[in-house]
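A.B. asks: 3D, please:
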Amino acid sequence: MKLTIIGNGYTAKFLAKEALNAGYEVSIITRNISNPEKNIHYLNFFDSNNVEKKLIYENIVSTVPFNEEGLDPVLKKYRKSISLNKNSIIYYSATSVYGSGIVDESSKPSPKYKRGITRLSCEKEWVKANLQTSIFRISGIYGPNRHPMIKYLNGDNEIVVKEDYIPNRIHVEDLSSLTLQFLNKKCKEKILNISDQKKISNYDAIKFVSNELNLIKPKVVKYDPKKVSKMLKSFYEVNRTVKSNIINYKISYKFKYPNYKLALLGLTKSLLDSD
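C.D. replies: Predicted coordinates for the structure are as follows:
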């Protein structure tokens, strides 16, 4: 199978590596071809002729967020090509399109902040461009080189705590594996929530890791909306529990990292061992 990934950021690199290992022929469309990996075909985003062929004839996963204007840069340039694609198309969105409470794929989006409103607008544009598009609404992505214990081990043990707030997360390797399983099974579902299903607060997870490894104890800092950035506020002000009927009942995916605190412990041990 052929897979074209649009974007070359954190998530795309994990997805590309796993797709290669699974026997896919992998291409990455990016504005910045730096540190290329072996056996991946890289295309410059502005190489219109070659990019258009990929976007018409291959399976697509777009990892590209909206730009400063609030528009999807991929659709802005390549909408026509995408509209002609008859293969699988996946757009990586975010759970910020939902409001508060318990949500699943049947829940109506109700974004409260600009970030979620813009994400929802991009989702609609992808579906307008090609009705075959599947939307992956993804929780906070973590994994190697992207997790809170990096800052913690560098001396910052302050943890912002808001009563009753528990974030939703997904390990980057689970996101990659879920994506490939979706493609392999030729699934047709249009909306998928991508989130692990065992919830735990940041504080409780970090406290567990610090206890297991005899690290300095986390210091609680009570959440104050007047003292945080707009970005952080958009996270903390909306408390939602993300459920996935598709993962649990249709794809029957088995998580590699179902338990955040144990995953965080493993990531922290890897950091300490590498020092």
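
A.B. asks: C-alpha from now on. contacts and neighbour counts both.
C.D. replies: Fine.

A.B. asks: buried sites along the helix or strand bottoming out on mean pLDDT in the chain?
C.D. replies: Here the helix or strand of the chain ranked lowest by mean pLDDT, DSSP states H and E is helix 230-236, holding a mean of 82. Using 16 or more other Cα atoms under 10 Å as the test for burial, helix 230-236 gives 233-234, 236.

A.B. asks: go ahead and produce PDB holding the CA coordinates of the helix or strand that contains residue 81.
C.D. replies: Using DSSP states H and E, residue 81 falls within helix 73-83. C-alpha atoms of helix 73-83 as PDB (Å, rounded to 0.1, in the frame of the first residue of the first chain):
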ATOM      1  CA  PRO A  73      -2.900  25.500   3.900                       C
ATOM      2  CA  VAL A  74      -3.200  22.100   2.200                       C
ATOM      3  CA  LEU A  75      -6.800  22.700   1.000                       C
ATOM      4  CA  LYS A  76      -5.900  26.200   0.000                       C
ATOM      5  CA  LYS A  77      -3.400  24.900  -2.500                       C
ATOM      6  CA  TYR A  78      -4.500  21.400  -3.400                       C
ATOM      7  CA  ARG A  79      -8.300  21.200  -2.900                       C
ATOM      8  CA  LYS A  80      -8.900  20.100  -6.500                       C
ATOM      9  CA  SER A  81      -6.400  17.200  -6.300                       C
ATOM     10  CA  ILE A  82      -7.800  16.000  -3.000                       C
ATOM     11  CA  SER A  83     -11.400  16.200  -4.400                       C
END
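
A.B. asks: mind checking the pLDDT average for that helix?
C.D. replies: Across helix 73-83, the average pLDDT comes to 98.

A.B. asks: ok, now how distant is residue 122 from residue 99?
C.D. replies: Using Cα to Cα, to the nearest Å, one gets 17 Å for the distance from residue 122 to residue 99.

A.B. asks: mind listing the strands for the stretch 51-200 of the chain?
C.D. replies: 59-62, 89-94, 101-103, 133-138, 140-142, 158-161, 169-171, 191-194 (DSSP state E, counting those that start in this stretch).

A.B. asks: and the ones you listed: which comes nearest residue 268?
C.D. replies: strand 140-142 (12.4 Å; Cα to Cα).

A.B. asks: contacts for that closest one, please.
C.D. replies: The contact list for strand 140-142, computed with Cα atoms under 8 Å, 6 or more residues apart in numbering, reads 167-172.

A.B. asks: Throw those residues into TSV and include pLDDT, thanks.
C.D. replies: Listed next are the contacts of strand 140-142 as TSV, based on pLDDT from 0 to 100:
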residue	pLDDT
167	93
168	95
169	97
170	98
171	98
172	98
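
A.B. asks: in these, find the pair that's most separated.
C.D. replies: Farthest-apart pair in the contacts of strand 140-142 is 167 and 172; separation 15.7 Å (Cα to Cα).

A.B. asks: between those two, who's got more neighbours?
C.D. replies: residue 172 (22 against 18; other Cα atoms under 10 Å).

A.B. asks: I'd say the more buried one and residue 11 touch.
C.D. replies: Yes: if you go by Cα atoms under 8 Å, residue 172 and residue 11 touch, sitting 6.4 Å apart.

A.B. asks: still on that earlier bit, now the strands of the stretch 51-200 of the chain in JSON lines, with distance to residue 259 and mean neighbour count?
C.D. replies: JSON lines is the format used below for the strands of the stretch 51-200 of the chain (distance: least, Cα to Cα, whole Å; neighbours: other Cα atoms under 10 Å):
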{"stretch": "strand 59-62", "distance to residue 259": "26", "mean neighbour count": "22"}
{"stretch": "strand 89-94", "distance to residue 259": "21", "mean neighbour count": "23"}
{"stretch": "strand 101-103", "distance to residue 259": "19", "mean neighbour count": "13"}
{"stretch": "strand 133-138", "distance to residue 259": "17", "mean neighbour count": "23"}
{"stretch": "strand 140-142", "distance to residue 259": "12", "mean neighbour count": "19"}
{"stretch": "strand 158-161", "distance to residue 259": "20", "mean neighbour count": "16"}
{"stretch": "strand 169-171", "distance to residue 259": "10", "mean neighbour count": "23"}
{"stretch": "strand 191-194", "distance to residue 259": "15", "mean neighbour count": "23"}
